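> Quick one, structure for this:
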Amino acid sequence: MRYRFVLVFLMICVVQPVFGQDTLRLSHQEFLAAVKSYHPLAFKYRLQNEIARAEIQRARGNFDPVVEGKKGEKTIDGIDYYKETNIGLGIPTWYGIELNGSYNYIDGQKLNNSDTRGGLYQFGLTVPLAKNLVYDRRRALLDQARIGLQMTEAEQLVLTNDLLLAADNAYWNWVKEYEIFLLQSRAVTINQDRLALTRKTYQYGERAAIDTTEALSQLQSFELEQKDAYLQFVKATQELSLFLWKENQQPYDILEGILPSETLMGNVAYQDYAQLLAQLSNQPLANHASVMFYLRKQDFLESERRLKFQSFLPKLDLTYNFFNKENYRSEFFPLFQNNYQYGLKLEIPIFLRQARGDYRIAKNKVQQNLLDIDYKRQEINTKLNTYKNEVLNYRNQIDIATQNIDNYERLVKAEEAKYNAGESSLFLINSRENKLIDAQEKILELRLKFIKGYNQLKWLNENFMQ
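Numbers count the residues shown, from 1 in each chain. Predicted structure coming up:
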């Protein structure tokens with residue numbers, strides 16, 4: 001807290017005198033571009049997408065062919081038990097069938113009866129006849145990695161736009177606080193001139209002494225408001241600094257003195273909000289990234305459910321190998337007459353309790369996600385209607401507030417004219433002026449609320465994926 005207090009104090013000391021000099025002006029587009037490019041969270045979200053792409057690459061590795069080699073020999077008491085060289089290649093396929101081939105050379109004086117002396121070529125395959133034939137873990141992992149990338153892209157889009165929304169609102173709040181400070185500064189200048197004029201007229205005997213006290217009191221009141229407005233601007237600048245980072249992900253030095261180059265009245269929301277409302281009305285909710293995330297998650301869970309269903313099937317694998325001795329004529333057909341080996345392997349869990357439990361869990365997760373999809377659609381629809389109503393309502397309030405300010409300005413001018421004619425008092429002028437300043441601050445608050453509502457809709461619209 002002490003550090004933050006010192007930082008705010010330095011901002012007041014350093015930035016305030018610079019207002020009259022050349023300062024660094026920060027535009028809205030430059031600010032958002034810097035946030036999107038350099039903010040650590042935005043950089044983190046991009047890395048998350050890269051991780052998801054790497055997951056796909058890793059899942060594809062389950063289908064990579066595998067080369068293996070083995071060479072060895074055994075000799076005891078001058079007796080060569082065996083000398084062996086073995087080179088093999090295994091090729092997994094998408095449909096669960098595994099192809100393999102090898103060359104094996106073995107010779108020695110103490111060979112097993114099942115070993116074939118000399119060189120032997122082998123070509124074979126393993127075919128799942130029940131479990132893992134339609135779907136298996138390798139295919140599921142690759143499917144889930146691809147779906148995971150789509151989920152991650154949708155999620156990171158929402159997170160990035162949430163970050164940009166927060167930055168957008170921080171920028172325009174910063175602009176609002178700056179405009180309030182300028183408003184109070186203008187009021188101070190006007191009342192300084194009024195106090196000087198009142199003192200002169202008092203010296204000439206045209207005004208009562210109490211009028212100088214009234215003018216001084218009004219001036220001091222606005223000076224206090226100016227100090228507070230500047231403090232609020234400094235605080236808004238500090239909040240803005242959370243989004244300002246350099247290219248190497250280092251915090252930006254906010255003490256350099258930055259001022260906004262935009263105004264609340266110059267925001268594009270006033271021209272674009274009607275078009276944005278019409279565009280959002282035609283956006284299908286299924287294309288929203290938050291809904292898309294759950295839709296892709298549904299595909300992910302369906303993949304897991306399909307995989308768990310395979311556990312109900314018996315594991316029945318057929319293995320066939322064809323052999324051909326080196327330097328012998330090959331005879332491929334018939335397959336089960338000579339130079340072959342085959343095998344059938346059967347596994348059947350008796351009670352299937354694990355399979356039934358896993359499948360129930362997978363089904364219930366699918367149902368849970370369907371409920372999440374319905375809720376997310378309703379949530380987005382509610383947000384859209386809420387923000388639409390806010391934008392339209394605040395836009396109408398701004399029109400009323402603008403007319404109100406015009407009326408107050410006329411009242412102040414009229415009261416000043418009456419005062420110059422000797423028919424009014426400085427107290428009434430100050431009263432009118434206070435209401436005018438309050439109305440001007442009120443419209444700045446309304447403009448900020450309108451812009452924030454527009455920003456909510458704008459970044460909500462950015463979350464829709466084509």
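
> List the buried residues in stretch 196-204.
By neighbour count on 16 or more other CB atoms under 10 Å, the buried set for stretch 196-204 is 198, 199, 202. (Each C-beta comes from the backbone N, C-alpha and C, glycine too.)

> And the strands in the stretch 201-350 of the chain, which stretches?
Counting by DSSP state E, counting those that start in this stretch, residue ranges of the strands within the stretch 201-350 of the chain are 258-260, 315-325, 340-347.

> mind giving me TSV with those strands and columns for distance to residue 174, mean pLDDT and mean neighbour count?
Shown next, in TSV, are those (distance: least, CB to CB, whole Å; pLDDT from 0 to 100; neighbours: other CB atoms under 10 Å):
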stretch	distance to residue 174	mean pLDDT	mean neighbour count
strand 258-260	6	88	20
strand 315-325	65	89	16
strand 340-347	67	89	11
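
> Would you mind telling me which of the ones you listed is nearest residue 193?
Smallest distance to residue 193 across the strands of the stretch 201-350 of the chain (CB to CB): 25.0 Å, for strand 258-260.

> Could you please name the strands that closest one pairs with and the direction of each pair?
strand 24-26 (parallel) (DSSP bridges).

> And the most centrally placed residue in the chain, how far from residue 178?
In the chain, the residue lying closest to the centroid (CA atoms, centre = their mean) is residue 159, at 1.9 Å. Using CB to CB, to the nearest Å, residue 159 is found at 29 Å from residue 178.

> tell me the SS of residue 102?
strand (DSSP: H, G, I helix; E, B strand; the rest coil).

> Run a quick neighbour tally on it.
Number of residues near residue 102 (other CB atoms under 10 Å) recorded here: 18.

> The closest residue to residue 115 other than its chain neighbours: which element?
Spatial nearest neighbour of residue 115, excluding adjacent residues (CB to CB, 6 or more residues apart in numbering): residue 106 at 5.5 Å. For residue 106, the element it lies in under DSSP states H and E is strand 98-107.

> Tell me the helix or strand right after that strand.
Taking DSSP H and E, what comes next after strand 98-107 is strand 118-128.

> Show me how far stretch 286-300 is from its chain's centre.
15 Å (CA atoms, centre = their mean, to the nearest Å).

> Please enumerate residues in contact with it?
143-144, 147-148, 150-151, 154-155, 157-158, 285, 366, 369-370, 372-373, 376-377, 380, 463-466 (CB atoms under 8 Å, 6 or more residues apart in numbering).

> Which of those residues fall within strands?
Per DSSP state E, strands hold no members of the contacts of stretch 286-300.

> Residue 306: neighbouring residues, count only.
15.

> hang on, it packs against residue 140?
Yes - in this structure, residue 306 is within contact of residue 140 by CB atoms under 8 Å, at 7.2 Å.

> can you give me the helices in the stretch 351-466 of the chain?
Along the stretch 351-466 of the chain, the segments classed as helices by DSSP state H, counting those that start in this stretch run 353-420, 426-462.

> Return the set of buried residues in the shortest one.
I take that to be helix 426-462. 426, 428-430, 432-437, 439-441, 443-444, 446-461.

> could you list every residue that touches the residue nearest to the centre of the chain?
Residues in contact with residue 159 (CB under 8 Å, 6+ apart) are 41, 45.

> and with 7 Å instead?
residue 45 (CB atoms under 7 Å, 6 or more residues apart in numbering).

> Ok, the one 10 residues further on next?
Each residue near residue 169 by CB under 7 Å, 6+ apart is listed here: 452, 455.

> and if you look at the one 3 residues further on?
Remark: with contacts taken as CB under 7 Å, 6+ apart, residue 172 is in contact with 264, 448, 451.

> Could I get those residues in JSON lines, plus columns for pLDDT and distance to residue 246?
What follows is the contacts of residue 172, written out as JSON lines (pLDDT from 0 to 100; distance: CB to CB, whole Å):
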{"residue": "264", "pLDDT": "94", "distance to residue 246": "28"}
{"residue": "448", "pLDDT": "97", "distance to residue 246": "28"}
{"residue": "451", "pLDDT": "97", "distance to residue 246": "27"}
